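Colleague: All I have is the shape, not the residue letters:
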């Protein structure tokens with residue numbers, strides 16, 4: 001959903017701001033709910049796994065990987081860092097496992113993931 005769109009024809013520039021995916025009422029330019037913002041997983045209960053992800057070059061890549069991970073039933077929280085190539089995941093072992101989560105990332109066709117630690 002677009003929050004703001006500004007077009008300056010003289011300078012041939014365009015500014016587009018999106019509403020936060022987690023909170024449509026927040027200011028997208030200073031959003032602390034962004035998908036690539038680290039999630040505090042300290043108090044999230046569940047099994048934990050770390051994935052090594054290849055192919056990420058930017059924050060948008062990390063957002064795509066996080067979306068794939070969060071789309072797996074049973075995943076409770078995830079942090080993805082494109083700079084280190086790591087993804088940390090908390091999940092419900094009764095619903096999924098680390099290999100299934102890595103498979104979801106591999107299904108994106110842009111990235112490859114393998115379980116590096118449980």
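Modeller: Structure's in. What do you need? Bear in mind that the values here come from a model prediction, so they are computed numbers and not experimental data.
Colleague: Show me which residues of the helix ranked longest in the chain are buried.
Modeller: Longest helix of the chain, by residue count under DSSP state H: helix 59-70. Buried positions in helix 59-70, judged by neighbour count with 16 or more other CB atoms under 10 Å: 59, 61-70. Every C-beta, even on glycine, is put in place using the N, C-alpha and C of the backbone.
Colleague: In a markdown table: these, plus pLDDT and distance to residue 107.
Modeller: Converted to a markdown table, the buried residues of helix 59-70 look like this (pLDDT from 0 to 100; distance: CB to CB, whole Å):
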| residue | pLDDT | distance to residue 107 |
| --- | --- | --- |
| 59 | 84 | 21 |
| 61 | 87 | 15 |
| 62 | 88 | 17 |
| 63 | 87 | 16 |
| 64 | 89 | 11 |
| 65 | 92 | 11 |
| 66 | 92 | 14 |
| 67 | 90 | 12 |
| 68 | 93 | 7 |
| 69 | 94 | 11 |
| 70 | 93 | 14 |
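Colleague: what does the longest helix of the chain rub up against?
Modeller: The contact list for helix 59-70, computed with CB atoms under 8 Å, 6 or more residues apart in numbering, reads 35-36, 53, 55-56, 75, 78-82, 87, 89, 101, 104-105, 107-108, 110-111, 113.
Colleague: Select only the buried ones of those in ChimeraX?
Modeller: The buried residues among these can be selected in ChimeraX (16+ other CB under 10 Å) with this line:
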select :35,36,53,55,56,75,78,79,80,81,82,87,89,101,104,105,108,111,113
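Colleague: Which residue comes closest to residue 110 once chain neighbours are left out?
Modeller: Nearest non-adjacent residue to residue 110, counting by CB to CB, 6 or more residues apart in numbering: residue 55, 5.7 Å away.
Colleague: sorry, back to before: residue 96: which of the buried residues of helix 59-70 is nearest?
Modeller: Closest approach to residue 96 among these (CB to CB): residue 69, at 10.2 Å.
Colleague: Without its sequence neighbours, what residue ends up closest to the closest one?
Modeller: In space, residue 69 is closest to residue 78, 4.5 Å off (CB to CB, 6+ apart).
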